[in-house]
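Trainee: A structural model of the following input is requested.
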Amino acid sequence: MKTFSLKKNSFYILVLISMFPLLPKAVESILMILFFLVSLIIFFKNKKHCCKSNVFQVFNLSSLFVIYLISTLYSENLSEAFNFILRVTPIFLFALTLGILNPIITKKKKKFLLNTYFFSVFTALLIVHTHLIFNVSGEITSWEYRNAFEEYTKVHGTYFSLWTGFAVLIILNKVCNLKFNKKNFIIISLYLIVLSYCIYWQFIIAARLPLFVTLLLSFVLLLKQLEKRIAIYIFFMAITLALVIGFVNLNTIKNKIDFKIPQGKYELKHNVMSSEDIRAGIYFCSYKIIKQSVLYGIGIGDVNDNLNKCYESEIDSDVYQIFHYNSHNQYLQIILASGLLGLLFFLYNLLILLKLSIRNKDNLFFALNMFLIICFFTENILSRHDGVIFYSFFTAIFYFNKEV
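Mentor: Okay, the predicted model is just below:
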């Protein structure tokens, strides 16, 4: 098979990977391995054209993989450590293939991949919607509806909301780049219908932070497209409105802030035990574990084991035995595993990505970075396959994009 044909086929594989919202996890894994192997063949056939200058960039983009790999050296639970390493391997593989082995991403190809992705998210939502209409009957709570959604898709609601939120930003970015005239009226109207449908599903899934960040970044993207004077006026109007809403709902906000560590049996206390209370217990135990090794952490393989031991010995509630709770904060997870040194390396990677998006004036890349940076505060996005493939795929696509 000729080299140019291999390159063409490798891009087709990448297109299939961009459809991961529609694909079973096993298929995603097979496609990623296939893309790596094809890229490896291309590399050995084209050594003269390889991008050895990207070695540092690949190392930087693979920061989490490197952090976890090093922390494995002092983990006691090696089985758990290797599971984490395997889970975050796509971060390294996408960086290596698109940065050195097979640097094929151009501006045109990036655009095609983004279009394929948002079409896949929209199609997936339509399929799920159709299934739920015919299989879920009667009046049910939003929580039960979310459970039915997760059971059918096999994807945690927070992660699907994250995928959907980025699809919204892709569509909005398209709309902002179109001229508002009669010729584009139908296209813009269709885009806005799709955008509204995606946001509707974010409300249904009810993952609060991804929804909030989607709306916030959508607002920022719109402001960037408006005249400076109008943008400043709208910004201050929004701030004023937010302050008024906050004042009206002051008691609700106080209750959210006034959380306490859970006590008692979950069966008896679940009605008064909020998610904020549960997180308070998680952060309490995380703090106690971090004090054991602030600089280097305790090793990625031992994080969950130590959290579970702390839940059992330090917190007078069985909620942490009934349900499994990790650190629920990506930054906290890295400090627990690799200490402040690991966190600084990871933050350096995020800063490089953010600076690159600003330097290239790439609004969508900037929005992606901000989306991840904010959502990392409440979820271990990179502890599940669904979060890893989203992060690793798009950061590599944007990072190694050649503007030609």
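Trainee: buried ones in the helix or strand harbouring I374?
Mentor: Per DSSP states H and E: I374 is located in helix 363-375. Within helix 363-375, the residues that qualify as buried are 363-373, 375, counting by 16 or more other C-beta atoms under 10 Å. (Each C-beta comes from the backbone N, C-alpha and C, glycine too.)
Trainee: try stretch 396-404
Mentor: Using 16+ other C-beta under 10 Å as the test for burial, stretch 396-404 gives 396-401.
Trainee: Near N181, how many other residues are there?
Mentor: N181: 8 surrounding residues under other C-beta atoms under 10 Å.
Trainee: now do D386
Mentor: If we define neighbours as other C-beta under 10 Å, then D386 has 21 of them.
Trainee: got it, and L295?
Mentor: Neighbours of L295 under the rule other C-beta under 10 Å: 9.
Trainee: Please tell me how far it sits from Q333.
Mentor: 16 Å (C-beta to C-beta, to the nearest Å).
Trainee: ditto for L172
Mentor: Distance of L172 to Q333, computed by C-beta to C-beta: 30 Å.
Trainee: what about the two, which has more around it?
Mentor: More crowded of L172 and Q333, by other C-beta under 10 Å: Q333, with 30 against 23.
Trainee: In contact with that one, which residues are there?
Mentor: 303, 326-327, 380, 382-383 (C-beta atoms under 8 Å, 6 or more residues apart in numbering).
Trainee: which of these sit farthest apart?
Mentor: V303 and L382 (12.9 Å; C-beta to C-beta).
Trainee: In strands, which of the buried residues of stretch 396-404 fall?
Mentor: Here DSSP state E is the test, and the buried residues of stretch 396-404 give no hits in strands at all.
Trainee: Throw those residues into a markdown table and include distance to F346 and pLDDT, thanks.
Mentor: Formatted as a markdown table, those follow (distance: C-beta to C-beta, whole Å; pLDDT from 0 to 100):
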| residue | distance to F346 | pLDDT |
| --- | --- | --- |
| A396 | 16 | 96 |
| I397 | 20 | 96 |
| F398 | 18 | 96 |
| Y399 | 15 | 94 |
| F400 | 19 | 92 |
| N401 | 22 | 84 |
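Trainee: Now distance to Q263 and pLDDT too, for the buried residues of helix 363-375, in a markdown table please.
Mentor: Putting those into a markdown table (distance: C-beta to C-beta, whole Å; pLDDT from 0 to 100) gives the following:
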| residue | distance to Q263 | pLDDT |
| --- | --- | --- |
| N363 | 47 | 92 |
| L364 | 46 | 95 |
| F365 | 45 | 96 |
| F366 | 43 | 95 |
| A367 | 41 | 95 |
| L368 | 40 | 96 |
| N369 | 39 | 96 |
| M370 | 37 | 95 |
| F371 | 36 | 96 |
| L372 | 35 | 96 |
| I373 | 34 | 96 |
| C375 | 30 | 94 |
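Trainee: Which of the residues you listed sits closest to C176?
Mentor: Closest approach between the buried residues of helix 363-375 and C176, by C-beta to C-beta: N363, at 7.8 Å.
Trainee: Now do the closest one against L223, distance only.
Mentor: With C-beta to C-beta as the criterion, N363 and L223 are 11 Å apart.
Trainee: Give me the residue ranges of the stretch 51-200 of the chain where confidence is low.
Mentor: Under the criterion pLDDT under 70, the flagged ranges of the stretch 51-200 of the chain are 51-53, 137-142.
Trainee: ok, now the stretch 301-404 of the chain?
Mentor: Scanning the stretch 301-404 of the chain for pLDDT under 70 picks out the ranges 403-404.
Trainee: Which parts of it are helices?
Mentor: Taking DSSP state H, counting those that start in this stretch, the helices of the stretch 301-404 of the chain run over residues 303-314, 319-322, 330-359, 363-375, 385-399.
Trainee: before we move on, back to that, and V303 and L382? which has more neighbours close in?
Mentor: V303 (30 against 24).
Trainee: That one and Y325 touch, don't they?
Mentor: No - here V303 does not reach Y325: they are 11.7 Å apart, not a contact under C-beta atoms under 8 Å.
Trainee: what are the ranges of the helices in the stretch 1-150 of the chain?
Mentor: Under DSSP H, counting those that start in this stretch, the stretch 1-150 of the chain gives helices at 3-17, 25-45, 55-61, 63-72, 78-96, 107-135, 142-153.
Trainee: closest to K291 out of those?
Mentor: helix 63-72 (17.2 Å).
Trainee: Render the CA-only coordinates of the closest one in PDB, please.
Mentor: C-alpha atoms of helix 63-72 as PDB (Å, rounded to 0.1, in the frame of the first residue of the first chain):
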ATOM      1  CA  SER A  63       1.600  15.400  31.300                       C
ATOM      2  CA  LEU A  64      -1.100  13.400  33.100                       C
ATOM      3  CA  PHE A  65       0.200  10.100  31.600                       C
ATOM      4  CA  VAL A  66       3.700  11.000  32.700                       C
ATOM      5  CA  ILE A  67       2.600  12.100  36.200                       C
ATOM      6  CA  TYR A  68       0.600   8.800  36.800                       C
ATOM      7  CA  LEU A  69       3.400   6.700  35.300                       C
ATOM      8  CA  ILE A  70       6.000   8.200  37.800                       C
ATOM      9  CA  SER A  71       3.600   7.900  40.700                       C
ATOM     10  CA  THR A  72       3.200   4.200  39.900                       C
END
